[in-house]
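Asks: prediction below, plus the sequence it came from.
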Amino acid sequence: MFLIRPQRAFVHRYDTPGDLRAMKVLSLTCNHCGAPLEVPESTRFLTCRFCNSRLEIHQEGAAAYTEVLEAIDQRTSRMEDQLNVLQIQNEVERLDREWDIERESYLVSGRNGTRRLPTKTGSLMGAMVMGVFGVFWTVMASQAGGFFALFGVVFIVIAIVAGIHGFVKATQYDAGLAAHRERRSATLDRLGVEADRHDSSDS
């Protein structure tokens with residue numbers, strides 16, 4: 001049975017032999033291959049001469065141990081990926097909240113006072129109905145004489161104004177919804193990329 005004799009690791013510092021004798025020596029094992037190592041107590045980083053792993057020394061009271069730097073880098077990378085995923089998820093929620101507020105500005109009031117989303121077809125149909133009623137009223141009132149024909153003109157003007165207002169609102173709503181969906185889709189694509197990167201780092 002062969003015994004591995006403790007070897008001094010490659011230490012990233014330059015000390016004279018006299019300095020090494022004056023320093024306390026730590027007896028450690030490589031966290032990667034398990035080989036015994038001896039290093040000065042003040043050493044923070046070293047390279048295992050058996051497996052060439054880059055190690056960091058941690059000291060907690062009287063205990064000391066090594067950790068592979070690549071494992072630390074991978075753990076840090078996973079934490080960064082998780083943070084990126086959370087940030088993008090919060091961004092999606094923020095976009096949805098902003099759209100809910102913007103959506104309220106596009107609502108129009110119905111006949112019974114209810115708020116509803118405008119549509120181009122509905123706005124045009126409503127304007128046509130009011131316009132036809134205004135024309136009918138004007139014709140009938142003109143035959144009867146008097147100033148009642150003016151009410152028909154008022155109905156026609158209201159129909160035109162209401163139709164234009166509803167059509168503009170509907171156009172703005174469609175544009176706002178399309179912009180929101182585009183921003184949300186782009187953000188979700190970023191979320192998918194970050195999630196895939198996180199999954200690949202865990203595997």
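Replies: Structure received. Numbering: from 1, shown residues only.

Asks: nearest residue to residue 115 other than its sequence neighbours?
Replies: Closest residue to residue 115 apart from its sequence neighbours, by Cβ to Cβ, 6 or more residues apart in numbering: residue 107 at 4.3 Å. Placement of C-beta: from N, CA and C, glycine included.

Asks: list the contacts for the one you found?
Replies: For residue 107, the contacting residues are 115-118, by Cβ atoms under 8 Å, 6 or more residues apart in numbering.

Asks: of those residues - the most surrounded one?
Replies: residue 118 (21 neighbours; other Cβ atoms under 10 Å).

Asks: could you say which helix or strand holds that residue?
Replies: For residue 118, there is no enclosing helix or strand under DSSP states H and E.

Asks: just checking, it touches residue 162?
Replies: No. Contact criterion Cβ atoms under 8 Å: residue 118 and residue 162 do not qualify, at 10.6 Å.

Asks: quick check, nearest of the contacts of residue 107 to residue 171?
Replies: Nearest to residue 171 among the contacts of residue 107 is residue 118, at 8.9 Å by Cβ to Cβ.

Asks: show the pLDDT at the closest one.
Replies: At residue 118, the pLDDT value in this model is 82.

Asks: other SSEs contacting the longest helix along the chain?
Replies: Determined from DSSP state H, the single longest helix within the chain is helix 149-202. Helix 149-202 sits against helix 69-104, strand 108-109, helix 120-144, with contacts defined as 3 or more Cβ pairs under 8 Å, 6 or more residues apart in numbering; DSSP states H and E.
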